[in-house]
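> pasting a predicted model and its sequence here:
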Amino acid sequence: MVYSSLLYIYGFLPIALLLYYITPKKFREITLLLLSMLFCGMISLYFLFFILAYTFVNFVCASLTKKLRSNEKLAAIPLTLGITFDLLALFLFRTAYFTWLHKLIRAPESFYPIGISFFALSAIGTLIDVYKGRVKADIQIIRFSLYILFFPKLLMGPLLRYDSFSRIIYKRRTSLSGLGVGMTIFVKGFAKKVIAADNLYMLFRAVQSEKVGEISAATAWLGIIAYVFCLYFNLSGIADMGMGTAYCLGIRMPQSFNYPLLSTRIKYFASRWQSQVVQWFRRYITKPLYNICHKKWTREIIFVCGWSLFMFWYTFNINGIICGIILGIFIIIEARLRESKKLDFTGIFYTFLVVILCAVFLSGNSLVYSVRYLFAMIGANGDLVDSQSFYLLKSYIVLILLAMYASTDLFRNLITRTGNSRLKVALTLVSPLMVIVLLIICTALISYSGSSEILIMKL
């Protein structure tokens with residue numbers, strides 16, 4: 001079960017909200033934990049047992065680390081064991097060893113600990129923070145379990161520190177207006193996923209199904225552009241649905257994607273794409289290494305390695321590492337050229353080209369395939385345009401243009417800056433109707449196609 005399934009939208013979510021609101025406030029945290037366990041169980045009983053065991057191991061390691069903090073050497077033992085356990089689980093489930101592990105635990109083929117990339121980083125970050133004395137909140141079994149299992153952030157984050165999550169849970173406030181805002185955010189994410197991502201995925205798959213040595217340059221460009229927007233709307237749509245669900249529960253979680261596509265600088269794109277994960281790698285990987293390496297060139301190497309590790313976290317293959325290296329190198333080049341203001345007028349153009357270049361490696365099944373796809377994009381196959389290009393362009397041009405507009409904050413800025421109070425009132429009145437219409441359209445599309453559970457990456 002995912003957020004975009006009809007079972008979640010018309011079954012689990014209404015029941016969860018009802019149970020949460022009728023529960024006395026002092027017991028709502030327990031209710032959230034039980035609902036999160038139910039959500040995990042509806043994904044798979046194997047997943048529920050796995051994540052409960054995973055949570056217990058990390059809770060024990062965090063508790064022991066905190067107790068032994070007065071003796072750094074002793075405290076390092078549970079810290080090391082916990083991090084090793086988390087990394088091993090992440091490695092086994094995100095690599096080819098997953099098939100072997102599947103057979104070992106005799107799990108059904110559909111079993112996958114979805115969200116493991118997020119709750120693994122959450123657990124590792126908490127262990128490090130406890131060891132460093134950064135965690136001020138008490139490590140309680142209910143709060144810590146909710147921190148790992150909390151269903152609105154389980155699938156796509158945001159990646160929060162334990163103290164930040166504790167503050168957010170403590171400050172939760174429920175209201176009718178908050179419920180309305182939450183449903184608006186949820187339906188917006190739902191539309192991103194079903195209307196934009198699912199249809200763009202069909203375009204990407206249509207191009208990918210062709211032999212890479214035979215596609216024309218125009219077709220290759222259409223395919224990779226579709227992939228970029230599909231990936232964005234897929235991931236940000238799921239994140240919005242989770243954030244909207246949390247908002248309905250009175251819990252204000254931060255935004256993961258802040259309109260990164262079509263940014264005017266590569267560094268802006270990098271900082272706006274799943275920003276909490278980027279901050280995690282900066283906090284726990286690159287920043288500690290910066291403190292022991294003071295030369296500029298060594299810091300730049302660490303910077304590039306940090307981005308390669310971030311993109312490897314996405315893919316767990318060589319393509320992800322190369323994608324991260326490309327992104328890191330171009331950010332450094334941009335920073336150096338920006339000093340002379342040589343790139344002011346080409347920001348969006350070159351940023352999008354770098355994103356496209358990264359996407360070629362991110363989307364490829366292998367390094368060889370990605371390189372051949374790059375050659376196809378520059379016309380190395382001998383054809384710049386063919387009949388397939390015209391057909392796909394005619395079929396998807398409207399969707400691509402709408403996706404480009406929807407991936408920017410132009411509409412939000414227009415509403416914010418407008419001085420016409422009548423327009424704002426009209427939009428306030430029309431918004432609920434638009435939300436209902438979008439919900440009906442998305443429901444109809446899922447009912448027709450059968451599901452909307454396409455996940456480009458198993459995070």
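Arrived safely.
> could you point out the helix or strand that follows the top helix by length along the chain?
Criterion DSSP state H: the longest helix present in the chain is helix 217-248. On the C-terminal side of helix 217-248, the nearest following helix or strand under DSSP states H and E is helix 266-272.
> just checking, what packs against the following helix or strand past that following helix?
Following helix 266-272 in sequence order, the next helix or strand is helix 275-281 (DSSP H and E). Applying 3 or more C-beta pairs under 8 Å, 6 or more residues apart in numbering; DSSP states H and E, we find helix 275-281 packed against helix 116-132, helix 296-315. All C-beta spots, glycine's among them, are computed from the backbone N, C-alpha and C.
> looking at the ones you listed, which one is packed in the most?
Of all these, helix 116-132 has the most neighbours on average by mean count of other C-beta atoms under 10 Å, namely a mean of 22.
> okay, domains of this structure per the record?
For the chain, automatic domain parsing gives the domain ranges 6-172, 178-406.
> show the end-to-end separation of the longest one, please.
What that stands for is domain 178-406. 24 Å (C-alpha to C-alpha, to the nearest Å).
> what's the mean pLDDT across that domain?
Averaged across domain 178-406, pLDDT comes to 89.
> mind putting the helices and strands packed on helix 275-281 into TSV with distance to residue 269?
What follows is the helices and strands packed on helix 275-281, written out as TSV (distance: least, C-beta to C-beta, whole Å):
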stretch	distance to residue 269
helix 116-132	21
helix 296-315	12
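> and the ones you listed: which comes nearest residue 5?
Set against residue 5 and scored by C-beta to C-beta, the helices and strands packed on helix 275-281 come closest in helix 116-132, at 19.3 Å.
> how about residues contacting that closest one?
Identification of contacts with helix 116-132 by C-beta atoms under 8 Å, 6 or more residues apart in numbering yields 51, 54, 58, 61-62, 65-66, 69, 75-76, 79, 82-83, 86-87, 89-90, 93-94, 135, 139, 144, 147-148, 153-154, 156-157, 159-163, 277, 280, 283-284, 313, 459.
> again with stretch 199-213
Residues outside stretch 199-213 that contact it (C-beta under 8 Å, 6+ apart): 215, 219-220, 222-223, 226-227, 229-230, 233-234, 363, 369, 372-373, 376, 381, 388, 392, 395-396, 399-400, 403, 454, 456.
> of the residues you listed, select the buried ones using a PyMOL command.
Buried residues within the contacts of stretch 199-213, by 16 or more other C-beta atoms under 10 Å, are selected in PyMOL with:
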select buried, resi 215+219+220+222+223+226+227+229+230+233+234+363+369+372+373+376+381+388+392+396+399+400+403+454+456
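> quick check: residue 41 touching residue 50?
No. Counting by C-beta atoms under 8 Å, residue 41 does not reach residue 50; the two are 11.3 Å apart.
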